[in-house]
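Q: Got a sequence here, can you build the structure:
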Amino acid sequence: MHNDRSITEARLKRVLDERVRPAVYPESVPLTVSVWHAPGEPVPVAEGLAAGREPIAPGAEWGPPWGTSWFTVAGRVPREWAGRTVEALLDLGFDENMPGFQCEGLVYRPDGSPVKGLNPRNQWVRVGEKVAGGEEVLLHVEASSNPVILDYHPFLPTELGDRETADGAPRYRLGRMDLAVFDPTVWELVQDLDVLGGLMAELSVDAPRRWEILRAVERALDAVDLQDVGGTAGRARELLADALAAPAHASAHRISAVGHAHIDSAWLWPLRETVRKVARTTSNMTALLEDEPDFVYAMSQAQQFAWIKDHRPEVYARVKKAVAEGRFVPVGGMWVESDTNMPGSEALARQFVHGKRFFLEEFGIETEEVWLPDTFGYSAALPQLVKLAGNKWFLTQKISWSRTNKFPHHTFWWEGLDGTRVFTHFPPIDTYNAQLSGQEIAHAVRNFREKGGATRSLAPTGWGDGGGGTTREHLARAKRLADLEGAARVVFEKPSAFFEKAHAEYGHAPVWVGELYLELHRATLTSQARTKQGNRRSEHLLREAELWAATAAVRTGFRYPYEALDRLWKTVLLHQFHDILPGTSIAWVHREAAETYAAVAAELEDIIGGALTALAGDGSAGGTVVFNAAPHARGGAEAGGAVAGSTSASASMANPREGGGFILENGLLRVEIDGRGLVVSVYDVVAERESVAPGGAANLLQLHQDFPNMWDAWDVDHFYRNTVTDLTDVESLELTDDGAAVRVVRAFGASRVEQVLTLPAGERRLDVTTEVDWHETEKFLKAAFPLDLHTDRVAAETQFGHLYRPTHTNTSWDAAKFEACAHRFVHLEEPGWGVAVVNDSTYGYDVTRAERTGGEAGGTVTTVRLSLLRAPRFPDPRTDQGVHRFRYALVPGATLRDAVREGYRINLPERRVPGSTGVAPLVSVSGDSVVISAVKLADDGSGDVVVRLYESLGGRARTRLTAGFAVGSAASSCDLLERPLGPVDVADDGIELSFRPFEIKTVRLGR
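A: The predicted model follows:
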């Protein structure tokens, strides 16, 4: 037989695209269209429906960036269409390649009830089946003219990312607005040919099955009369029936498809637009559930459910009904799909608290799977938090984006920081927007790393990022792939059904220990510094507000602000979404985030101020009470307590240095600052040891060119290190007015930096306050500390502990971690002596090693650098421009205990309040390895005190938790949601607790 394969395959493509697909709608009539362009921001549905209209025709331009237009379409079904299926085709000016990234719409009936969403892959609205003819059609469309930010030439700077900078030019041209006959037989033929053609293309050219499909397709194409597709489609389908009926192999891979629409809570659109994206998508999904009894749809992010509950109750009613029926499945158990690298300990715990509680209260559902398909790496603290929140499983696919190393597993046990393991799945289909195409299905099978041990994987199916969800075409593919020779078996089912089966067959899965580091998007640890500072500050203010409000409530009857704290926590959690906190959203999002953080801080300061005033007593005599919210004692104040009459800590005095510069000494450290304003020596007097590497200079600001190959705000590529400028030119070098600190001013490029270096009395710590007026473009600013210290690992704080990363690049896995995340500290040590670098608002850092030269040469030195600022131009063309303030410190001679303590102290400064009364801690612990991360009143309003603690050093520990109040009999350990796990024994208002390394415990104390 002659080989005509390529000819038949090319014929299939052309006939399908140019003749068969268009024949799905063989007849149409135009609708009459009118429009009202809403001024400013979106309006309530009732207002949009009632507004006056003016005529508009297909081909007309509409929609300035971020505008809203209300279209009304009207018409009458022709009587000659009686008995046929009719749909309205509403094209707002769509590009089918950009679902979720351009204009969208939500269709309403005249009574204001929602019908379905419109997007480039879902332009139809069903009018009726077997219509009588003559029916009037009247529909309204709330259309949003969201501009395309990520265009065909991606990552180009654009002013469209903020309504304040975008132009007012129309972005779209109205397309087809018709009533049309829908031919279901032709539509089914399209799906038959689509699935068989996709499967055929993935089979080996030597496989008999490929040729069987080819001949069946050829016969079907022969049967189609291109001038009468509708009249011949049935016969063509008959000729394909045998090819579609051939059953899958007994060993075929099994794919659990789950309807899905990953909706970024903000990204290339503002938060307010996400509310509407969720409404459109859920309208579509509830409609599809009504039409398709085998369909299952899963949706994560409690915040998104809450949005439609609050803003689109008519849509939410349909969602609640579908959830009650069991096929609209809440998943994830988190408030949003958050970043997991940067949120603090309590914040990451509260993601689960507020997410799980919402689903329990609204639907009575205990979510069991953590669903984070798109987050940029996963903290080693997560497995323990997953379990403590009552979850069993974890899913993501983002690690497939890693650029250096291929992750070795798809189904495995993930072991976290403390040893907790959670059953985890990475879908081998390598997307959270699966289309169930032949190419994707074949890739999932080939890619699956567990062959021979496991037989199944999951495929989140539907248009996502900007929403859209699953379509009837996806379901048609799944039906044909349910049992088809040459393909994996595909069935729609709940995520929990997949995980139960996967665990049952593969309980002996391999184990991965530690963080799931994404070898990509490393710059998300630095971009948009204001957003990151707002997050860090909010987290610590929330800690203080809960601590002092709880203490005041127990001690003075202060009214605990339950509702305010609940609302403020949810606001902070929302802004930890994986495109907000990482700094990868448009300018509008980050502008609003800064405003929101300022409002959050002001409200929390009011709560804190009221509580402290209640606790401090009479301040009329001029006394001062110093409050310490940190979990370690300082300045005479116990952890979580206050002392009356304390004075401010003093700083050492500065003296001139021979050759220029100054020397700071306090009996513990001797710091030399040379004439360039650089720290050339930090001598540990106690240990008789120099901290700074020979010939090196600490607190050295370094500027790099920073233009990654793609994903500007997300990525920093390794080659950025190839070019560096040390900022050594000094504009001024002088003592501060009190003579206790050194001020250094530098100018570089279009920017300016002022630093103040202070050596506090009685402390082995050099404090650095840095203010940068930043006006660079595509640059990366770091603060370097070269240390005379030899070590092969660095401890970086993460949630509820720390993890070790290598300082070397022995393997590709080591080398790929050239930029990583640390919370409040990094710590390096040789046996018996270490150094910590602590900070109040940065996350990115890097560590390198170099050969030790000069003086007593030999061995290696280690350089730690904090990442301060970047200046990418996409998606925000003015990222980080303006004034920024950072505080960080070098702590020579530091143990891990010291690093933990100093990290808390720099983020929780003492508060001085007029008053006369010291305050004993509401709760306290013995020893210093167990740290209290939260003290609060129980969320249920019972008045119980809830305390969360963790072991901070990575070892076994015992501690006594002592309450500063009378504890009732109802004391228990509990989960993150404050649900009892079991009673604890109380003796003398105290509880003896034992901890394994990095273990988290939550204790509930009745009063």
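Q: Surely Val336 is in contact with Asp264?
A: No. With contact defined as CB atoms under 8 Å, Val336 does not count as touching Asp264 (9.6 Å). No exception for glycine: its C-beta is placed from N, CA and C like everyone else's.
Q: any common contacting residues for these two?
A: 577-578 (CB atoms under 8 Å, 6 or more residues apart in numbering).
Q: a strand runs through Val329, doesn't it?
A: Yes. According to DSSP: H, G, I helix; E, B strand; the rest coil, the state of Val329 is that of a strand.
Q: so what's the closest residue to it other than its chain neighbours up against?
A: Computed as CB to CB, 6 or more residues apart in numbering, the closest residue to Val329 that is not its neighbour in sequence is Ala298, at 4.5 Å. Ala298 makes contact with 258-260, 329-331, 371, 460, 494-495, according to CB under 8 Å, 6+ apart.
Q: Make CSV from these and add pLDDT to it.
A: What follows is those, written out as CSV (pLDDT from 0 to 100):
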residue, pLDDT
Val258, 98
Gly259, 98
His260, 98
Val329, 98
Pro330, 98
Val331, 98
Trp371, 98
Pro460, 98
Lys494, 98
Pro495, 98
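Q: Looking at the residues you listed, which are in helices?
A: Pro495 (DSSP state H).
Q: where's the residue most central in space within the chain relative to Gln702, distance?
A: With distances taken as CA atoms, centre = their mean, the residue of the chain nearest its centroid is His578 (1.9 Å). Distance check for His578 against Gln702: by CB to CB, to the nearest Å, it reads 29 Å.
Q: quick one, what contacts Thr959?
A: Going by CB under 8 Å, 6+ apart, Thr959 touches 925-927, 929-930, 949, 992-993, 995.
Q: helix, strand or coil for Pro22?
A: Assignment for Pro22 (three-state DSSP): helix.
Q: quick one on the thing from earlier: from memory the residue nearest to the centre of the chain sits against Thr375, does it?
A: Yes. Contact criterion CB under 8 Å: His578 and Thr375 qualify, at 4.6 Å.
Q: so what's in contact with those two at the same time?
A: With CB under 8 Å, 6+ apart, His578 and Thr375 have common neighbours 337-339.
Q: any chance of the residues you listed in JSON lines, plus pLDDT?
A: Shown next, in JSON lines, are those (pLDDT from 0 to 100):
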{"residue": "Glu337", "pLDDT": "98"}
{"residue": "Ser338", "pLDDT": "98"}
{"residue": "Asp339", "pLDDT": "98"}
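Q: How many residues are close by the residue nearest to Ala38 when sequence neighbours are not counted?
A: Closest residue to Ala38 apart from its sequence neighbours, by CB to CB, 6+ apart: Thr68 at 4.4 Å. The tally of other residues near Thr68 (other CB atoms under 10 Å) stands at 23.
Q: Thr68 - that's part of a strand, no?
A: Yes. Assigned with three-state DSSP, Thr68 falls within a strand.
Q: How about the contacts made by it?
A: 37-38, 41-43, 48, 142-145.
Q: How about stretch 891-906, which residues are buried there?
A: 891-896, 898-906 (16 or more other CB atoms under 10 Å).
Q: should've said stretch 721-732
A: For stretch 721-732, burial by neighbour count (16+ other CB under 10 Å) applies to 727, 730.
Q: so how far does it reach from one end to the other?
A: 28 Å (CA to CA, to the nearest Å).
Q: Show me how far that stretch is from its chain's centre.
A: 34 Å (CA atoms, centre = their mean, to the nearest Å).
Q: contacting residues around that stretch?
A: With contact meaning CB under 8 Å, 6+ apart, stretch 721-732 is reached by 675-678, 697, 700-705, 743-748, 752-753, 818.
Q: circling back to that earlier point, list the ones among the contacts of Thr68 that fall in strands.
A: Counting by DSSP state E, the contacts of Thr68 place 37-38, 142-145 in strands.
Q: Out of these, which is nearest to Val513?
A: Ser144 (45.6 Å; CB to CB).
Q: Surely Leu615 forms part of a helix?
A: Yes. Judged by three-state DSSP, Leu615 forms part of a helix.
Q: Would you agree it is in contact with Gly918?
A: No. The pair Leu615 and Gly918 fails to qualify as a contact (CB under 8 Å) at a distance of 9.4 Å.
Q: list residues touching both of the two?
A: 625, 642.
Q: what lines up beside the helix or strand encompassing Ser867 in the sheet?
A: Using DSSP states H and E, Ser867 sits within strand 860-870. Its sheet considered, strand 860-870 pairs with strand 779-787 (antiparallel), strand 844-851 (antiparallel) by DSSP bridges.
Q: Could you point out the helix or strand that follows the helix or strand containing Ser6?
A: For Ser6, the element it lies in under DSSP H and E is helix 5-15. Remark: after helix 5-15, the chain's next helix or strand is strand 28-30, criterion DSSP H and E.
Q: by contact count, what packs against that following strand?
A: Packing partners of strand 28-30 (3 or more CB pairs under 8 Å, 6 or more residues apart in numbering; DSSP states H and E): strand 177-182.
Q: tell me what the strand it packs on is packed against?
A: strand 28-30, strand 85-90, strand 124-128.
Q: And the contacts of the longest one?
A: Residues lying outside strand 85-90 but in contact with it, judged by CB under 8 Å, 6+ apart, are 25, 28, 31, 71, 73, 77, 105, 107, 118, 123-131, 137, 139, 141, 176-184.
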